[in-house]
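any chance you could fold what I've pasted below:
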Amino acid sequence: WVAGIINGTTNFILSEMRSKGLDFGVVLKQAQALGYAESDPTFDIEGVDAAHKATIMSAIAFGVPVQFDKAHVEGITALQAVDIRYAEQLGYRIKLLGITKRRDRGIELRVHPTLVPAKRSVYNLGLRYGTDSGAGFASSLERRWVNRKGHKLFVELNVAQEKSDFTAQYRVPAFSKIEGWYALRTSLREERINDIDTQYTELALSRNGRWHNWNLQGALEYKRERYEDALLGTRNFSTIVAPVLTAEWKRFDDINSPRKGYRFFLEARAGSQAIGSDIDFVQLRAEARYIRGLGVNNRILLRGEIGSTITDDFALLPPSQRFYAGGDRSIRGYGYRELGQRAGGVVFGGKNLAIASAEFEHMFNATWGGAVFVDAGDAYDDQFNAKVGAGFGLRWRSPVGPIRVDIARGLNEPDQNFRLHISLGPDL
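Okay, the predicted model is just below:
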């Protein structure tokens, strides 16, 4: 028998639907705009082109006459984004295959969307560097399907100069009402935040799902944290038990370099002594991003973030639950988590957070570009005192994703030095 992917247009469309979560009609228009699909794509998307090729393969492989009218032909026009997601949850990809087999009663010839098993295990190991985390290495193992029920396992270890972490997560598909995942996650993390060394263990049970255009998640988190202040010579332990709710809405026209895109993220968590937490608190956080193309080679990128903590015992809240500002994805020109409420000369962190950023980007060609930006904000208790950073940067749309190299300076202190910021990943 012979089987294979024999139509590039449909393969591109199905791959884009999977990676971007978009419906068939949206991706088809993009494929036409990029020249990957004809103005009349019927032969491709209805499977006719693939059937012609499969018929020829059958004739060559088995020495039979070309008999296109005997083939079963089914295209991809009925597929929706939800079909792609369901297949992904079960460890499969949907591909349009041409298949021909020799049977006892003749030759079988068919073209249709098919569930193809994804590679079962994916291993990653590499060096890493970030101006927030320092130099180190990253490793991970993803078991895309543990069993026939679509269970998944993900294990990750990151080791760097300023922060290291280990995470293991087991996921089970959930198809009732809102399709998504049940997950059990455990994490170990060690991080240095200015002069405070902190280590914590976290265990979380969660359920996520997609409702309309929102990605929703509810979780119950247990966190045991130890933190040590080198300047004050104190060592503390804290236990946080908190339900957490998150909601994310994201839309874009290209995952790596969108010219039109939005992202909204909302998070709420509440700790209570009634369920085992050392402190009663409520914490809210919201983030918004907006990207818009200006002309052919320019983009404007806007970003904002706010947060607030409500508690009578903020001093008992561990460092991982406080707000800080500064760093690659916060206020450039300042060090990672350098900004926050101070206590005894130490950056203690703040009850509240407010950050805004505006960036203008110009691409010199399809790969290289430059940017100028201004960031401002603060992590504070009662009085907001905006810290401003400004600078310029280089943009590289690399094969592994967008890379940003920025040089920025904080404007609030006359003797503030220039800082280098390097970050990798999609803008949204």
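
which strand in the protein runs the most residues?
The longest strand of the chain (DSSP state E) is strand 234-252.

for that strand, what is the average pLDDT?
What strand 234-252 shows for mean pLDDT is 92.

and Ile279, that one's in a helix?
No - going by DSSP: H, G, I helix; E, B strand; the rest coil, the assignment for Ile279 is coil, not a helix.

OK, contacts around it?
By C-beta atoms under 8 Å, 6 or more residues apart in numbering, the contact list for Ile279 reads 238, 240, 271, 273, 311, 313, 316-317. For every residue, glycine as well, the C-beta is placed using N, CA and C.

and with 10 Å instead?
By C-beta atoms under 10 Å, 6 or more residues apart in numbering, the contact list for Ile279 reads 238-240, 242, 271-273, 311-318, 321.

kindly report the same for Lys250.
Contacts of Lys250 by C-beta under 10 Å, 6+ apart are 21, 213-215, 258, 261-265, 289, 428.

ok, what's across the strand from it?
Bridge pairing for Lys250 (DSSP bridges) gives the partners Arg263.

for stretch 226-244, measure first residue to last.
21 Å (C-alpha to C-alpha, to the nearest Å).

likewise stretch 38-50?
Start-to-end, stretch 38-50 (C-alpha to C-alpha) is 15 Å.

could I get the buried residue list for it?
By neighbour count on 16 or more other C-beta atoms under 10 Å, the buried set for stretch 38-50 is 41, 43-50.

could you do stretch 101-120 as well?
Those would be 107, 109-114, 118, for stretch 101-120 by 16+ other C-beta under 10 Å.

now find how far off-centre the longest strand of the chain is within its chain.
17 Å (C-alpha atoms, centre = their mean, to the nearest Å).

just the buried positions in that strand, please.
For strand 234-252, by 16+ other C-beta under 10 Å, it's 238, 240-242, 244, 246, 248, 250, 252.

still on that earlier bit, put together TSV for the buried residues of stretch 38-50, with distance to Gly369 on each row.
Converted to TSV, the buried residues of stretch 38-50 look like this (distance: C-beta to C-beta, whole Å):
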residue	distance to Gly369
Pro41	32
Phe43	38
Asp44	34
Ile45	34
Glu46	40
Gly47	40
Val48	41
Asp49	37
Ala50	39
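
low-confidence ranges, the protein, go.
The model of the chain has pLDDT under 70 over residues 229-233, 344.

any chance you could map the helices in it?
8-20, 24-34, 42-45, 48-62, 81-89 (DSSP state H).

mind checking which of the buried residues of stretch 101-120 are in strands?
Per DSSP E, these map to strands at 107, 109-114.

take those residues and lay them out in a markdown table including distance to Ser206.
Below are these laid out as a markdown table (distance: C-beta to C-beta, whole Å):
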| residue | distance to Ser206 |
| --- | --- |
| Ile107 | 50 |
| Leu109 | 46 |
| Arg110 | 41 |
| Val111 | 40 |
| His112 | 36 |
| Pro113 | 31 |
| Thr114 | 32 |
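
farthest pair within those?
Spatially, the most separated pair among these is Ile107 and Pro113, at 21.4 Å (C-beta to C-beta).

distance from the chain centre to stretch 161-176, please.
That offset, for stretch 161-176, works out to 13 Å (C-alpha atoms, centre = their mean).

state the distance from the spatially closest residue to Ile291 that is not a sequence neighbour to Gln32.
Distance criterion C-beta to C-beta, 6 or more residues apart in numbering; nearest residue to Ile291, sequence neighbours excluded, is Gly261 at 4.3 Å. Using C-beta to C-beta, to the nearest Å, one gets 21 Å for the distance from Gly261 to Gln32.

more neighbours: the two, which one.
Gly261 (22 against 15; other C-beta atoms under 10 Å).

surely that one meets Ile300?
No - using C-beta atoms under 10 Å, Gly261 is not in contact with Ile300; the gap is 11.3 Å.

contacts only, for Arg337.
132, 162, 191-194, 196, 319, 322-327, 330, 347, 349, 379.

excluding its backbone neighbours, what's nearest it?
Tyr324 (3.7 Å).

how about Lys20?
Nearest non-adjacent residue to Lys20 (C-beta to C-beta, 6+ apart): Ile255, at 5.5 Å.

what does that neighbour show for phi and psi?
phi -70, psi -30 (degrees, to the nearest 10).

on that earlier part again, what's the most distant pair in the buried residues of stretch 38-50?
Counting by C-beta to C-beta, the most remote pair of the buried residues of stretch 38-50 is Pro41 and Ala50, 12.6 Å apart.
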